[in-house]
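**Student:** can you look at this prediction? I've put the sequence above it.
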Amino acid sequence: MTTNENIERFERLLRSTNRDGIENLISFIQKSDFYTAPASTRFHSCHEGGLLEHSLYVYDRFVAKFKDELWAEKVNVSKDSLIIIALLHDLCKCRFYGTELKNKKVYSDMGKKSDSNGRYDWVTAPAYTVDDKFPMGHGEKSMYLAERFIRLSKTEAMAIRWHMLWTEPKELYNTIGNAIKLYPIILALHEADMEATYLLEKEE
């Protein structure tokens, strides 16, 4: 899909929830760099529009999980909540990335790593960097930004807050384990996030 098609789908899904404040949230997103930002600096969906692309991939994998009997039995969640959780889980990456010029190795079309003299070719090219203007964390920042505009349910807030799971500091592992027991949807979102990242998106 083109970026414009992704934007239309993203906004259509959010509007379908009919949440109070959803238009204000969409306006905030439109004024930010959410639609042009990458999803990472050098790994998955590291290109313009990558964050939007990633969010939609996660939504598709997240929804697919609840067609499975096990997940449908373990988690009772509305379609609106699936939309809110998946599309807003990485809202923290608004105004999170910058660019700077970096030296990069150039590889030949033949896949060689060096030229005929055994040396790499180098070029100076723009690259994405982290420029976090509001360093509040990851899941907690996404939750905070969403709640400035819409009311999240406990389930939605917990899923967004803890979706990074074991990449959190080890001191929080007991808390994360308890959170999953109470809200197994956290695990579903984490799995959907990983499936999108490693199975659907390209490393660049």
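**Tutor:** Arrived safely, thanks for sending.

**Student:** now do the contacts for Lys31.
**Tutor:** By Cβ atoms under 8 Å, 6 or more residues apart in numbering, no residues touch Lys31. Just so you know, the C-beta spots here come from the backbone N, C-alpha and C atoms, and that holds for glycine as well.

**Student:** report pLDDT for it.
**Tutor:** You'll see Lys31 listed with a pLDDT of 96.

**Student:** can you check the one 10 residues further on too?
**Tutor:** If you check Thr41, the pLDDT there is 70.

**Student:** cool, and the one 5 residues further on?
**Tutor:** pLDDT, Cys46: 73.

**Student:** count of neighbours near it?
**Tutor:** The tally of other residues near Cys46 (other Cβ atoms under 10 Å) stands at 18.

**Student:** could you do Thr129 as well?
**Tutor:** When neighbours are defined as other Cβ under 10 Å, Thr129 has 12 of them.

**Student:** for it, give its distance to Val75.
**Tutor:** Counting by Cβ to Cβ, to the nearest Å, the gap from Thr129 to Val75 is 37 Å.

**Student:** how close does the most centrally placed residue in the chain sit to Leu189?
**Tutor:** Residue closest to the average C-alpha location in the chain (Cα atoms, centre = their mean): Asp90, at 4.0 Å. Distance, Asp90 to Leu189, using Cβ to Cβ: 11 Å.

**Student:** okay then, goodbye and thanks.
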